[in-house]
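In: I'll drop the sequence and a predicted model, then ask my questions.
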Amino acid sequence: MSDGVHTARRHDSALKHVTGQALYIDDMSEPPGTLHGALVLSTVACGRLKTLDLGAAKGMPGVVAVLGPQDIPGRNDVSASGKGGEPLFAMDRVEFAGQPLALVVADSLDAARAAAAAVKAEIEEETPILDIATAVAKQAWVQPPATIVRGDPDGALAKAPHRLSAAFSVGGQEHFYLEGQIAFALPGEDGDIVVHSSTQHPTEVQHICAGLLGCDYNQVTAMVRRLGGGFGGKESNASWVAGAAALAASHTGKPVKLRLPREIDMIATGKRHGFDYRYTVGFDDEGRVLALDAVLAADAGWSLDLTPGVVARALTHTDNAYWIPHFRALGYAAKTNKQSNTAFRGFGGPQGVVVMEDAIDRIAHHRGRDPVELRALNFYADGRDTTPYGQTVDENHLARCWAEVKQGGELERRRAEIDAFNAANPVLKRGLGLFPLKFGISFNLPHMNQAGALVHVYTDGSIRLNHGGTEMGQGLFIKVAQVVAEVFKVDVDRIRPSATSTAEVPNTSPTAASTGSDLNGWAAWEAANTIRQRMVAYAAEHFGVADKDIEFSDGNVRIAKPGSNQVMSFGEMAKLCYMGRVSLSSTGFYKTPKIHWDPAKMHGRPFFYFSFGAAMAEVAIDTLTGESRVLRADLVQDCGESLNPAIDLGQIEGAFVQGQGWLTCEELWWDAKGRLRTAGPSTYKIPGSRDVPPVFNVTMLPNAPSREATIFRSKAVGEPPLLLATAVWTALKDAIGAATGRKAAVRLDAPATPERVLAAIEKVRTAAP
């Protein structure tokens, strides 16, 4: 039997994906009488909502209802935190261009959208805050500033032999999932409602819908079979979309589908947080970092959403791979009149690690040292060093990953080749960048690190599996199925994962923070193992042998008797246990051990373990146009003992390219009125197939099983590889340095669009000697 863990198995829906047979919510059959929703959005970024004229819309053909805040029987609140301040429909104020004002429900999608366009809003405009700098100057926050401190950074900086200060910024990023936000709500009897939602967080959908409807949670069932991508954008945003659909279904008594077209989706939903940075770093003659004092200011948008966790993770990743004896990182959550920014793959980690990467490059330039050597010089030591927030860096694979990527990427040969190329080419310049990674795995909030599962074994030996995780293309369902197959030693094809449902597994955490397999895999193992132990106990009693004489293997069960062995299929054993009145169904529950966190002191052990990695990227830039290309990428990722190497390989490749897009081409742009103008693929550029590095080498760190008790010693893989794309940003700065004779350290704001590359070249060329 080769279908258990540590084997390469294709995604359970792979064939359905490529043949168009995989059913998404918009593919579901619509019962007779199904209605369709369309949102009415504010076109003003900030102001007082004086009137909302719904009359014309209500009188249009096909319109069944036009719903506003007055039609919400429960609480007009869709906040992920539950702290309020985030209404489904604006009341007396609007806070961003794209904020929902009302919902039109009609008998066709075209009728709903036409009526939505007929709604007239009178808004008394005010001056919006549209950038981080203005928000910081006005001290406009969505939460109080947060700080991580160790040692005496002020004193250490004052005594340091060398000091440098710098500032830069990185932009946000649109999730651009292939399936947009969508929900399909079907009312039942006695006020019950079933909501099919493209969400990463079914339990939050359940809670938000119940809160809007003013009913108990047990009246709402949230269901998810699959998502067409999520990337964090469907952790909280999907909840209010589902809530609007549920409100309409409850109001009309009819099934209601609400799907956001791409432009509306981009205008109404949050993005990755953009950040502004300024820092001072102190170091010795060798380039060893002695102290860091950094300010990280996040663009939270108009409301809280998930910003507290994003800022906390950014602060806990500012150190990245480096030991910094004296450390201070101050995090601002700036309130702007933009979409409320939210979770995005990496969840603040990518925005945190860039601080020290920029600092190391500047130190190397200042001291005339090789930045590759300086990075290694400052690495954490295994099991000895602690992070600024108090967690020991155990199981440290930094040195191994670094050595592997340098060897596999042929560092010395390619560095010489690139230098020779640059000497011979006045227009095209190449650059080489390396990046080490330390990424913490667990939710920032300890209580979220829990999961449940439900396993049924039927009397023919087939198995049904349900758990709290959602399948968004990342392969979670096949991985957890492999865990169950490993427990029972059966073919994974005998296991049928079922749609995630709050009616089967309650009180779930979101599928996020790279914890999907860690949490749900263990919960499924607990459920399956409970059933297996029951089967073993009954079989031992039935056949008069010891428990140790019952062996599950290759879809069979072997009973070792004195002088002979009896073999029966797993299905036959299941039938035997049923006849013996043995329960073949069990729940399973898991909570991550060892973690603890004091949010006031910003201190503790927030992560169960660290994932490590390293990347080397080679780029080329055109110094006349600013255009750039990634020519090659070599990645080494610590996956522990991979549950499914085929799935993990795809996750690493996809994450890297998504990170590359964030740092190079994905630019969000708002006009002076605060209206998002990059609201579709014609104006917002995600990486395409030709942006993937032509030479793309990915290695999973061999012989590196997790020392912690992770599920079958595997490690998370969803988010960490995205950060490896930081090597591309570093390589672009190296190429710009080559184009300018390395006169000065390079400031390159991200995304590194052609305009920004040209501006960086010009700034270095005109820098004072």
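Out: All right, it came through fine.

In: so which residues of the stretch 1-150 of the chain form helices?
Out: Assigned by DSSP state H, counting those that start in this stretch, the stretch 1-150 of the chain shows helices spanning 14-19, 55-58, 109-118, 132-137.

In: so which of the ones you listed is nearest Ala512?
Out: helix 14-19 (21.9 Å; Cβ to Cβ). Just so you know, the C-beta spots here come from the backbone N, C-alpha and C atoms, and that holds for glycine as well.

In: hmm, who's touching the closest one?
Out: With contact meaning Cβ atoms under 8 Å, 6 or more residues apart in numbering, helix 14-19 is reached by His11, Gln21, Ala22, Gly473.

In: pick the most deeply packed of the helices of the stretch 1-150 of the chain.
Out: Mean neighbour count (mean count of other Cβ atoms under 10 Å) peaks for helix 109-118 among those, with a mean of 19.

In: who are the packing partners of that helix?
Out: Helix 109-118 is packed against strand 35-41, helix 55-58, strand 63-67, strand 100-106, with contacts defined by 3 or more Cβ pairs under 8 Å, 6 or more residues apart in numbering; DSSP states H and E.

In: what about Pro769, how many residues close to it?
Out: Pro769: 4 surrounding residues under other Cβ atoms under 10 Å.

In: and the spatially closest residue to it that is not a sequence neighbour, what pLDDT?
Out: Among residues not flanking Pro769 along the chain, Lys743 sits closest, at 6.8 Å (Cβ to Cβ, 6 or more residues apart in numbering). Listed pLDDT for Lys743 reads 93.

In: please determine how far Lys743 is located from Glu762.
Out: 12 Å (Cβ to Cβ, to the nearest Å).

In: go on, Lys715?
Out: 43 Å.

In: returning to that earlier point: of the helices and strands packed on helix 109-118, which is nearest Arg632?
Out: Arg632 sits nearest to strand 35-41 of all the helices and strands packed on helix 109-118, at 43.4 Å, using Cβ to Cβ.

In: which neighbours in the sheet does that closest one have, and how are they oriented?
Out: Sheet pairing of strand 35-41 (DSSP bridges) gives strand 100-106 (antiparallel), strand 256-259 (parallel).

In: including mean pLDDT, mean neighbour count and distance to Val728, could those go into CSV?
Out: What follows is those, written out as CSV (pLDDT from 0 to 100; neighbours: other Cβ atoms under 10 Å; distance: least, Cβ to Cβ, whole Å):
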stretch, mean pLDDT, mean neighbour count, distance to Val728
strand 100-106, 98, 25, 37
strand 256-259, 98, 25, 34
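
In: which one of those lies nearest to Asp385?
Out: Of those, nearest to Asp385 by Cβ to Cβ is strand 100-106, at 47.9 Å.

In: quick one: Met700 and Asn396, what's the gap?
Out: 17 Å.

In: next, Ile652: phi, psi?
Out: Here is the backbone geometry of Ile652 (degrees, to the nearest 10): phi -60, psi -50.

In: any idea how far Ile441 is from the nearest residue to it once chain neighbours are set aside?
Out: By the measure of Cβ to Cβ, 6+ apart, the closest residue to Ile652 outside its immediate chain neighbours is Pro721, 4.2 Å from it. Taking Cβ to Cβ as the measure, Pro721 falls 13 Å from Ile441.

In: so which of these two has more stuff around it?
Out: More neighbours surround Pro721 than the other of Pro721 and Ile441, with 30 against 25 (other Cβ under 10 Å).

In: now the more buried one, what's its secondary structure?
Out: Classification of Pro721 by DSSP: H, G, I helix; E, B strand; the rest coil places it in helix.

In: what do you get for Gln206?
Out: Gln206 - assigned by three-state DSSP - is helix.

In: check whether it really touches Val220, as I assumed.
Out: Yes - Gln206 sits in contact with Val220 when judged by Cβ atoms under 8 Å, with a separation of 4.8 Å.
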